[in-house]
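Novice: sharing a model prediction with you, sequence too.
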Amino acid sequence: MNTLIKLEIQRTLRNKKFMFFSVLYPAGLYLLIAGGASSTEVVEGTGLTVPLLMMVSMASFGALTAVLVGNSERIAKEREKGWVRQLRLTALPGRGYVTAKVASAAVVSLPSILVVFGVAALVKDVRFDAAWQWFALTGAIWAGSIVFAALGVAVGYLATGDAVRPITFIIYFGLSILGGLWMPVNTFPAWLQDIAEWVPTHAYAALGQAIELGDAPDVKDVAVLVAYLVIFGGAAAWLYRKDTRKA
């Protein structure tokens, strides 16, 4: 399984589309949104300035791109080409394949997080009172991306090679917008804010926002992410077994 994880990481890092959309694209969006924003004016209801708020949002968006979009499309195409069927003939157990996909996706999400942080620090002079906040932010966003890596595996087994891209992008943009990654949730109508509170990307971004404020993540946000991890991971395992029986 370790060999498969290494292979998946190498394949992804050689992919120029991955490097652009998951690493450079979120950093570019950060500059577009926060580049001209005030570094002292606090966004109402958040306790954070725009550069701080969007740093977490775009780092989370980049990690989401890396683990969801890349994972789902790659799995669907591998199924179509028969690669997954070939792997089933080896000693690799089914759970090993799913675990390798989730683990490799989580690893390659790290560059997108670090690049956004680097741009925020260099261009907008983002600083924290304590160094531990940088490490905690990186760890929280990186660990949280596993939830969406599991979703990517599930979508890859749910959709065919032709249908996977539109399905993935509907989920991808829906989660990004509803979760408040592109704009603060408090700008939404009240009824939409109530829905957004239960969207996994909202809880995901809230982890980083709490750390930026020097607080511990809210128990509710952690619970929401754990619940979605169980749901997405269970769906991925069930769809994998279903696909295996079909083959």
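Specialist: Nice, I can see it.
Novice: against residue 117, how distant is residue 101?
Specialist: 26 Å (CB to CB, to the nearest Å). C-beta here means a position set from N, CA and C on the backbone, and glycine is covered the same way.
Novice: neighbour count winner among the two?
Specialist: residue 101 (26 against 21; other CB atoms under 10 Å).
Novice: and that one, what does it touch?
Specialist: Taking CB atoms under 8 Å, 6 or more residues apart in numbering as the criterion, residue 101 is in contact with 8, 71, 75, 149, 152, 153, 156.
Novice: where does it sit, in terms of helix or strand?
Specialist: If you go by DSSP states H and E, residue 101 is part of helix 94-108.
Novice: right, and the helix or strand after that helix?
Specialist: Per DSSP H and E, the first helix or strand lying C-terminal to helix 94-108 is helix 110-123.
Novice: gap between that next one and the chain center?
Specialist: Relative to the chain's own centre, helix 110-123 is displaced by 15 Å; criterion: CA atoms, centre = their mean, to the nearest Å.
Novice: check stretch 187-207 too.
Specialist: Counting by CA atoms, centre = their mean, stretch 187-207 is centred 16 Å from the centre of its parent chain.
Novice: buried sites along that stretch?
Specialist: 188, 196, 199, 200, 201, 202, 203, 204, 205, 206, 207 (16 or more other CB atoms under 10 Å).
Novice: ok, the residue sitting nearest the centre point of the chain to residue 57 distance?
Specialist: By CA atoms, centre = their mean, the mean C-alpha position of the chain lies nearest to residue 64, the distance being 2.2 Å. Going from residue 64 to residue 57 by CB to CB gives 10 Å.
Novice: got the residue ranges for the helices in the protein?
Specialist: Per DSSP state H, the chain carries helices over the ranges 2-13, 16-18, 25-34, 50-64, 70-81, 83-87, 94-108, 110-123, 132-158, 164-178, 190-196, 200-212, 219-246.
Novice: which one of these is the most hemmed in?
Specialist: Ranked by mean neighbour count, the helices of the chain are led by helix 50-64 with a mean of 27 (mean count of other CB atoms under 10 Å).
Novice: what mean pLDDT does that one get?
Specialist: The average of the pLDDT scores along helix 50-64 is 93.
Novice: counting contacts, what elements does it pack onto?
Specialist: Contact here means 3 or more CB pairs under 8 Å, 6 or more residues apart in numbering; DSSP states H and E; on that basis helix 50-64 packs against helix 25-34, helix 110-123, helix 132-158, helix 164-178, helix 200-212.
Novice: to residue 53, which of these lies closest?
Specialist: Nearest of these to residue 53, taken as CB to CB: helix 200-212 at 7.0 Å.
Novice: need the contact partners of the closest one.
Specialist: Residues contacting helix 200-212 (CB under 8 Å, 6+ apart): 46, 48, 52-53, 55-57, 59-60, 64, 128, 133, 136-137, 140-141, 144, 147-148, 175-176, 178-181, 185, 196, 216-218, 220-222, 224-225, 228.
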